[in-house]
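Asker: Build the 3D model from these lines:
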Amino acid sequence: MTRFVSSCSPMETLLGFDFGLKRIGVAVGNSLIRQAQPLTIVTAATNDAKFSAIETLMKEWQPARCIVGLPRHPDGAEHEMTVRCRRFANQLQGRFGVATVLVDERYSSAVIPQQRGKSIDAQAAAIILQQYFDEYAKP
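Answerer: As a prediction, this is how the structure comes out:
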């Protein structure tokens, strides 16, 4: 799996993912304007249903690559969700044949104003994707 990519080709669509066990936030952006937008939250109960919903998004948006947030402890150490996110990224790449890039997401949720009862997963995915654009997809 690709770790970091230094540039994007002109006008590629990218999907960003904030993986969670209950919800997967999804964002979309393109390499021309390099702006990420929250898209949706996948909330299916089973793994097969989650990947079916993701397959629908992949067919609709036809991304050139997928960006997956990689959680770590504040000191950079890995934990259980780090392993799960790596597995999710590998599954995206394997199932859909789309290059997958992991981006450090340690502070993605911290910059979103918390709103009681509201899911922030799609917003977190947009922050992850925007971080990719800002740090790794220089023109």
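
Asker: host element of Val103?
Answerer: Using DSSP states H and E, Val103 maps to strand 99-104.

Asker: just checking, what packs against that strand?
Answerer: Here strand 99-104 touches strand 65-70, helix 80-96, helix 121-136, going by 3 or more Cβ pairs under 8 Å, 6 or more residues apart in numbering; DSSP states H and E. (Glycine included, C-beta is placed from N, CA and C.)

Asker: Can you pull the phi/psi pair for the most centrally placed residue in the chain?
Answerer: Most central in the chain under Cα atoms, centre = their mean is Phe17, positioned 2.0 Å from the mean C-alpha point. Dihedral pair for Phe17: phi -130, psi 130, per degrees, to the nearest 10.

Asker: Contacts only, for it.
Answerer: Counting by Cβ atoms under 8 Å, 6 or more residues apart in numbering, Phe17 touches 24-27, 66-69, 88, 92, 125, 128.
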